[in-house]
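Peer 1: Predicted model and sequence follow; I will ask about them next.
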Amino acid sequence: MPTEQSNARVRLVFADEGTFHAETILVPLERLDEYERLIDLLREDPSVTRHIHIDMKRLVSAYVVRDDQ
């Protein structure tokens, strides 16, 4: 995986039987511009899918976390 400074933080929010929980993952920053939608990056890009499994049935939100958040 690329170095920390070349990654973007992505916050994932999951629903599980009426409760929500969030996790933050790192994705390669340069890959963000290659996809029109963030969800496509999370589902299709090998640089993401080979490192983490995302339960798309439970995923309710995904967004890039900016440094000021």
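Peer 2: Perfect, I can see it now.

Peer 1: Which residues are in contact with R37?
Peer 2: With contact set as CB atoms under 8 Å, 6 or more residues apart in numbering, R37 has no partners. Where C-beta positions appear, they are placed from N, C-alpha and C, glycine not excepted.

Peer 1: beta partners for the residue most central in space within the chain?
Peer 2: Geometric centre of the chain, nearest residue: V10, 4.3 Å, by CA atoms, centre = their mean. When assigned by DSSP bridges, V10 has beta-bridge partners I25, V64.

Peer 1: Does it touch Y35 like I think?
Peer 2: No: because the distance of 11.9 Å does not satisfy CB atoms under 8 Å, V10 is recorded as not touching Y35.

Peer 1: Name the residues of the helix or strand hosting R43 that come out as buried.
Peer 2: Under the criterion of DSSP states H and E, R43 resides in helix 38-44. Buried residues in helix 38-44, counted by 16 or more other CB atoms under 10 Å: L41, L42.

Peer 1: Which strands or helices does the very next helix or strand once past that helix pack on?
Peer 2: Per DSSP H and E, the first helix or strand lying C-terminal to helix 38-44 is helix 46-49. Contacts defined by 3 or more CB pairs under 8 Å, 6 or more residues apart in numbering; DSSP states H and E place helix 46-49 against strand 19-28, helix 38-44.

Peer 1: Mean pLDDT and distance to D68 for those - can I get that in JSON lines?
Peer 2: Putting the helices and strands packed on helix 46-49 into JSON lines (pLDDT from 0 to 100; distance: least, CB to CB, whole Å) gives the following:
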{"stretch": "strand 19-28", "mean pLDDT": "96", "distance to D68": "15"}
{"stretch": "helix 38-44", "mean pLDDT": "96", "distance to D68": "19"}
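
Peer 1: Tabulate the ones you listed (a markdown table), appending distance to V60.
Peer 2: Output for those, formatted as a markdown table (distance: least, CB to CB, whole Å):
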| stretch | distance to V60 |
| --- | --- |
| strand 19-28 | 7 |
| helix 38-44 | 11 |
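
Peer 1: Ok, which of the ones you listed comes nearest A62?
Peer 2: Of all these, it is helix 38-44 that lies closest to A62, at 5.4 Å by CB to CB.
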